[in-house]
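Participant: here is the input, now give the coordinates:
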Amino acid sequence: MPELSYNLFHQRTAENIIVELKRLRKSLLGGGHAKAEIESDLSSLETLLSDNILDFKASNPNHKQLKTREVWHEFLTESEQLSFNECLLILLGISPKLSEMIEPSLYKTNLNEIKSLQDKQLSLIFFQRVENHLLRERFRSNKINTAEFIKWALDYKYLRKIEN
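Facilitator: Below is the predicted model of the structure:
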């Protein structure tokens, strides 16, 4: 029986989030933000950007990138339920083990409440992603059945199923 594995449907999704995170890092380093806020966000950004985002284009991936791929895939195949933030990070090609970096109530934040995220620039970036809005439209809670999530993500062409 062939073993199933999953991959991002488009590698450019992960590439785009890298560009956005680098842009935020540059903005934070440019000034105009409170020092404590900068240090917290910069630390989170550096963690995210240090091979915690999938890169399937790397012909010779380092150990950390291989571990990120493994963890990302394990969340999909070994968890019965995922949190909203874990699902969002999976869609973006980011290691879902970093889900605590995002505002925990992101899944229920409405557009008219966006001011609550202004001091949380990283969460604001994730909130603005189309993947967040589509995910929120389909799943309206913090706990999501993994099988339902996978089916939805395959249908929306965020994930690709591969038979090994």
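Participant: in what helix or strand does the closest residue to S50 other than its chain neighbours lie?
Facilitator: Leaving aside its chain neighbours, S50 sits nearest to K64 (7.0 Å; criterion: Cβ to Cβ, 6 or more residues apart in numbering). C-betas here are computed from N, CA, C, even on glycine. Here K64, judged by DSSP states H and E, is contained in helix 63-78.
Participant: please name every helix or strand in contact with the helix or strand just after that helix.
Facilitator: Sequence order places strand 81-83 as the next helix or strand after helix 63-78, per DSSP H and E. Applying 3 or more Cβ pairs under 8 Å, 6 or more residues apart in numbering; DSSP states H and E, one finds that strand 81-83 contacts strand 143-145, helix 146-155.
Participant: and strand 81-83, average pLDDT?
Facilitator: Averaging pLDDT along strand 81-83 gives 97.
Participant: and stretch 100-112, how far from the chain's centre?
Facilitator: Taking Cα atoms, centre = their mean, to the nearest Å, one finds stretch 100-112 lying 13 Å from the centre of the chain it belongs to.
Participant: so the residue nearest the centre of the chain, which of the three states?
Facilitator: In the chain, the residue lying closest to the centroid (Cα atoms, centre = their mean) is L89, at 1.9 Å. Assigned by DSSP: H, G, I helix; E, B strand; the rest coil, the conformation of L89 is helix.
Participant: chain neighbours aside, what residue packs nearest to it?
Facilitator: In space, L89 is closest to P96, 4.5 Å off (Cβ to Cβ, 6+ apart).
Participant: next, count neighbours for A14.
Facilitator: 18 (other Cβ atoms under 10 Å).
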